[in-house]
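Chemist: Need coordinates for the below:
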Amino acid sequence: MFDKILIANRGEIALRIIRACKELGVRTLAVYSEADVDSLHVQLADQSICIGPAPSSESYLKIDRIISAAEIGDVDAIHPGYGFLAENAHFAEVCASCEIKFIGPPPAAIRAMGDKNQARDTARQAGVPVTPGSDGVIETEGEALRVAKKIGYPVMIKASAGGGGRGMRPAHNDVSLVQGFHAARAEAEKAFGKADVYIEKLIVNPRHIEFQVFADSHGRVVHLGERDCSIQRRNQKIIEEAPSPFLTPELRKQMGHAAVKLAESVAYEGAGTLEFLVDDKGNYYFMEMNTRIQVEHTVTEEVYGCDLVKEQIRVAAGESLSAHIANAQPHAHALECRINAEDPERNFQPSPGRIDLYYAPGGRGVRVDSHAYSGYMIPPHYDSMIGKLITQGASRQSAIARMNRALGEYLITGVKTTIGFQQRVMRNPDFQRGHYHTGFLQALLG
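Modeler: You can find the predicted model right below:
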């Protein structure tokens, strides 16, 4: 087992990793930007080092500064969390060259699955269904128009790199395709430093279903069921649940087998997520793989009674998959609501600032993962998520009722949040019946 781990991240995921390390008896080093000096992960780590100014480009994305901190802190491993450098193959290679273990998949696996266009090719070769689309990166608007004509509108223009809904534009005709092509390229360049995009057929109002896989360095790969992530706004997930109320046992078996097969094909190690679109007839299509821990890993933990972050650390240390992971069976239903500092009344405009009062809900079956507290100053430089509220129950209905109750107890003043909006979704009759898709929120918001 490792002696000391550097957490190359911030916010709730940094805190989540610190807690896992403490339970494993592993010391922690937190790196932070000047804007995060008062963040909880800085206060609760065994050691902390400032690595730069507030902009992530000058701190959390600076590989040389993170490696310098790792050498000063004499760590033997780095956990990247999600976002920032978590899916950066070059960062994983630099860690290896410095004899520091990167807690994640090998660089080759990150490269094979991190580029979405390359991942589609890998999926095809593994016999996993993919949506019709371009054979590679689209370089010009003329090429984009030819591909769209071939596969038929509507289509989706997607950045090859990155995630989080950035660099994505739908197109329903030639005019919107040309506009979307240039907009997606510009956004991808700004967000990921890479303007490459590809085009695929847009599946109208599908389900967004992802499968959690886990693999060790000894060739064992398993999956821990699915999460339904269809409640989205502008391609950003808002609510996730497991298991999906849509999948049949047979479809779950087919998709789980496909997920494991694809992970095996790239010699995967650690935690990973295979994302699929599923149409109303039950046809599924591989979309992308996230080669890291997901924001919504919590619902899988609650359904399967496991700790995925601890398992990441154990597997990275060379251990075989734990028996409770390798043989895990679902025993509950779970939901996660992302609590964002945003104003739903103003088109979800970010709402940074000081939290005057913070009170988290509790009780049976309620979990809160958050780095926020009374008096905490939410910086404007990063993602607006300030917490995750997770509930579980013996049935989907009980998990929803518990979430509705917990949202009613969650008190955050001083900034605007999405708590009230989440309650509105929980009380929606269609959501309660499990009748929703990726276009659900757009219809709800009008």
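Chemist: those strands in the stretch 51-200 of the chain, which residues are they?
Modeler: For the stretch 51-200 of the chain, the strands defined by DSSP state E, counting those that start in this stretch occupy 77-79, 101-102, 155-159, 168-171, 197-201.
Chemist: Could I get the average pLDDT for the fourth one?
Modeler: In other words, strand 168-171. Per-residue pLDDT over strand 168-171 has a mean of 94.
Chemist: what's in contact with that strand?
Modeler: 148, 153-159, 176-177, 179-181, 183-184, 202, 235 (Cβ atoms under 8 Å, 6 or more residues apart in numbering). Placement of C-beta: from N, CA and C, glycine included.
Chemist: Give me the ChimeraX select line for those, limited to the buried ones.
Modeler: Remark: buried members of the contacts of strand 168-171, expressed as a ChimeraX selection using 16 or more other Cβ atoms under 10 Å:
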select :148,154,155,156,157,158,159,176,177,180,181,183,184,202,235
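Chemist: closest one to residue 433 among the strands of the stretch 51-200 of the chain?
Modeler: Nearest to residue 433 among these is strand 168-171; the distance by Cβ to Cβ comes to 26.9 Å.
Chemist: ok, that closest one: who's next to it in the sheet?
Modeler: strand 155-159 (antiparallel) (DSSP bridges).
Chemist: Output the lowest mean pLDDT helix or strand found in this structure.
Modeler: Within the chain, no helix or strand scores below helix 116-125, which has a mean of 88 by mean pLDDT, DSSP states H and E.
Chemist: List the buried residues in stretch 215-223.
Modeler: Under the neighbour-count criterion of 16+ other Cβ under 10 Å, stretch 215-223 has 215-217, 221-223 buried.
Chemist: and which of those is nearest residue 281?
Modeler: Scanning these for proximity to residue 281, where the rule is Cβ to Cβ, the winner is residue 223, at 23.0 Å.
Chemist: is that closest one in a bridge, and if so with what?
Modeler: residue 213.
Chemist: cool, and the one 5 residues further on?
Modeler: Here residue 228 sits in beta bridges with residue 209, residue 241, as judged by DSSP bridges.
Chemist: Count the neighbours of it for me.
Modeler: 25 (other Cβ atoms under 10 Å).
Chemist: Then the one 3 residues further on?
Modeler: Using other Cβ under 10 Å, residue 231 is surrounded by 23 other residues.
Chemist: check contacts around residue 391.
Modeler: Contacts for residue 391 (Cβ under 8 Å, 6+ apart) come out as 334-335, 365-367, 399, 402-403, 406.
Chemist: Distance from the chain centre to stretch 29-36, please.
Modeler: In terms of Cα atoms, centre = their mean, to the nearest Å, the centre of stretch 29-36 is found 21 Å from the chain centre.
Chemist: who touches that stretch?
Modeler: 4-8, 10, 14, 18, 39, 41-42, 44-56, 58-60, 65-66, 69-70, 73, 75, 379, 381-382.
Chemist: What of stretch 9-25?
Modeler: Outside stretch 9-25, the residues touching it (Cβ under 8 Å, 6+ apart) are 1, 5, 7, 27-28, 30, 32-33, 36, 39-41, 44-45, 60, 79-84, 86, 293, 295, 307, 309-310, 313-314, 369-371, 382-383, 385-388.
Chemist: are any of those residues buried, and which?
Modeler: Buried by 16+ other Cβ under 10 Å: 5, 7, 27-28, 30, 32-33, 36, 39-41, 44-45, 60, 79-84, 86, 293, 295, 307, 309-310, 313-314, 369-371, 382-383, 385-388, out of the contacts of stretch 9-25.
Chemist: Out of the residues you listed, which sit inside helices?
Modeler: Of the positions in those, 40-41, 44, 309-310, 313-314 sit in helices, assigned by DSSP state H.
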